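>>> sequence and predicted structure, then a few things I'm wondering about:
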Amino acid sequence: MSFLDDLPLLPPDPLLAVARQAGQDNRAGKIDLTIGVYKDRSGQTPIFRSVKAAESYLVQNERTKSYISTDGVATFCSAITAFVLPTHQVACNRLATVQTIGGTGALSLAGRFLAENCPGQAVWIGTPTWSNHVAVMQQCGLPIQTYPRSLPGGGRNFTAMMDVLANKARRGDIILLQPVCHNPTGDDWNDAEWAEIVEQVVRAGLVPLVDMAYHGLGQTLDADLLRLHALMEKVEIALLCYSCSKNFGLYRERVGALLVGGQSRARPAALQSQLAAIARASYSMPPAHGAGVVGHILTTPALRAQWEDEVRDMQAHLHAVRQTLATHERIGPCNARAIARGQGMFCMLPLPPAIIMLLRNEHGLYMADNGRINLAALNENNLQRFVSLINQAWESAQARTAVAAGLPASS
Ligand code: LMR
């Protein structure tokens, strides 16, 4: 008898489980809108040309596979800092940058740092949110508080957000923010709302934990940074968790960064040393390859221009899918024009679980359990079928409800 005998079996991560189920479904006509992985217009997740070129360069020029520093690949750290917080565009102190194991690793490093240094302070998370946010913060040991970011019928719940900032969060609490391409809704705060959020975060003395995993997929690489910059120019400190998974297509290389900046005059060296100590005790140092690729692209003008084109093309595909959806009057319970106003890779269809399961099992149409769909996976070959399947399933469910309520089926 050992402690192993009593270990409970944990359920798989729901998003990864449904993505795996979709991957194993061989039915012709399957539509997989589950995990947030970009797909081009032909339904492929290609390796960027700029990435391939940078990889060739690294293969030719790398001279050693010896350890790198705990902070990460030096070229990557300096290039990503200059790229995301350029001194000529944002008036903030750049306090620390650590390469992390993807965006999730950045959230985890930030969460552990905050749990150690702000004991007892809660992290406020608006729901719905990325399915892993709560688990990551919980594992860091931070008390979690949630608030409804979306209204019951869809749309942003700005009142609830302001209520948290003005009345509920305590000074020193942490607020998780996604400035652009909100995961899972795609329904970002508008400029006026964001300005008020920033003002109130400052007034309430909160610490923003910013999750940026879809930079460039909202409007443009430059425009998508404006909200982050507006925040950094006002707050004492903000911790930015940046992912290169989507905008460099480097999912499996796990490239991300934790950047800390703001108006604080605190000693950057002390902060950097604290983050490095947590990294050292967790995984010692991050992997070099993907960060080498990103660092090389960002510091090589021709490759950088090519990469920027590739990101523009991704954004254009997502935008076009939204516009095509908007030519339909409705997508199930959703006003298609509201989907068109969103940004980034996702939107949410507030479908009942029974319809989501029916679409999955009967028709091979897969979405996350909460109705989130990856818009990049829609294209001219599957979009009409997607709309028809959703609308048919929705209308049949409405008709059944009407019959059960004794109403004429058409009402
Ligand atoms: C997603 O939201 O689908 C992605 O960020 C992938 C993941 O790890 O959940």
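Thanks, I have it.
>>> what pairs with the host helix or strand of I373, parallel or antiparallel?
Taking DSSP states H and E as the definition, I373 sits inside strand 372-374. If you go by DSSP bridges, strand 372-374 pairs up with strand 346-348 (antiparallel).
>>> what mean pLDDT does the strand it pairs with get?
What strand 346-348 shows for mean pLDDT is 96.
>>> how about stretch 122-138?
On average, stretch 122-138 scores 97.
>>> if you count neighbours, what's buried in that stretch?
Residues of stretch 122-138 classed as buried by neighbour count (16 or more other C-beta atoms under 10 Å): 122-126, 128-134, 136-137. From N, CA and C alone the C-beta is placed, and that goes for glycine too.
>>> for R280, state which of these is nearest.
Proximity of the buried residues of stretch 122-138 to R280 (C-beta to C-beta) peaks at V136, which lies at 19.7 Å.
>>> and the helix or strand hosting W124, what does it pack onto?
Following DSSP H and E, one finds W124 within strand 123-127. Here strand 123-127 touches helix 133-140, strand 144-148, strand 174-177, going by 3 or more C-beta pairs under 8 Å, 6 or more residues apart in numbering; DSSP states H and E.
>>> go with 6 Å
Counting contacts by 3 or more C-beta pairs under 6 Å, 6 or more residues apart in numbering; DSSP states H and E, strand 123-127 packs against strand 144-148, strand 174-177.
>>> which neighbours does that strand have in its sheet, and in what orientation?
As defined by DSSP bridges, the strand partners of strand 123-127 come to strand 144-148 (parallel), strand 174-177 (parallel).
>>> ok, whichever residue of the stretch 201-350 of the chain sits closest to the ligand - contacts?
Per C-beta to the nearest ligand atom, A213 is where the stretch 201-350 of the chain lies closest to the ligand, at 6.0 Å. With contacts defined as C-beta atoms under 6 Å, 6 or more residues apart in numbering, A213 is in contact with G103, S243.
>>> same check, this time on Q99
When contacts are counted by C-beta under 6 Å, 6+ apart, Q99 touches G72, F76, C77, A257, P286, A291.
>>> that one in helix, strand or coil?
Classification of Q99 using DSSP: H, G, I helix; E, B strand; the rest coil returns strand.
>>> how about S50?
Assignment for S50 (three-state DSSP): helix.
>>> gap between the spatially most central residue of the chain and S282?
Geometric centre of the chain, nearest residue: A213, 4.1 Å, by C-alpha atoms, centre = their mean. Distance of A213 to S282, given as C-beta to C-beta, to the nearest Å: 20 Å.
>>> swap in E62?
E62 sits 25 Å away from S282, going by C-beta to C-beta.
>>> likewise G111?
G111 is 12 Å from S282, by C-beta to C-beta.
>>> also V180?
28 Å.
>>> who has more neighbours, these two?
Per other C-beta atoms under 10 Å, whichever of V180 and S282 has more neighbours is V180, with 24 against 13.
>>> hmm, D224 and the more buried one touching each other?
Yes - V180 lies in contact with D224 (C-beta atoms under 6 Å); the separation is 4.7 Å.
>>> list the residues that contact both of those two?
By C-beta under 6 Å, 6+ apart, the residues touching both V180 and D224 are G218.
>>> one step back: quick one: which of the strands paired with strand 123-127 is nearest the ligand?
Using C-beta to the nearest ligand atom, the nearest of the strands paired with strand 123-127 to the ligand is strand 174-177, at 14.4 Å.
>>> buried stuff in the next helix or strand along the chain from that closest one?
Later in the chain than strand 174-177, the nearest helix or strand by DSSP H and E is helix 191-204. Under the neighbour-count criterion of 16+ other C-beta under 10 Å, helix 191-204 has W194, I197, V198, Q200, V201, V202, A204 buried.
>>> gap between the nearest residue to T324 once chain neighbours are set aside and the ligand?
Setting aside the residues directly before and after it, T324 is nearest to L383 in space (C-beta to C-beta, 6 or more residues apart in numbering), at 6.0 Å. Noted for L383: a distance of 20 Å to the ligand, by C-beta to the nearest ligand atom, to the nearest Å.
>>> next, give phi and psi for L383.
phi -70, psi -40 (degrees, to the nearest 10).
>>> now the helices for the stretch 251-400 of the chain?
Using DSSP state H, counting those that start in this stretch, the helices found in the stretch 251-400 of the chain span residues 268-282, 289-299, 301-326, 336-341, 353-363, 383-404.
>>> now these as a markdown table including mean pLDDT?
Output for the helices of the stretch 251-400 of the chain, formatted as a markdown table (pLDDT from 0 to 100):
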| stretch | mean pLDDT |
| --- | --- |
| helix 268-282 | 97 |
| helix 289-299 | 98 |
| helix 301-326 | 97 |
| helix 336-341 | 90 |
| helix 353-363 | 96 |
| helix 383-404 | 91 |
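>>> what is the neighbour count of A281?
10.
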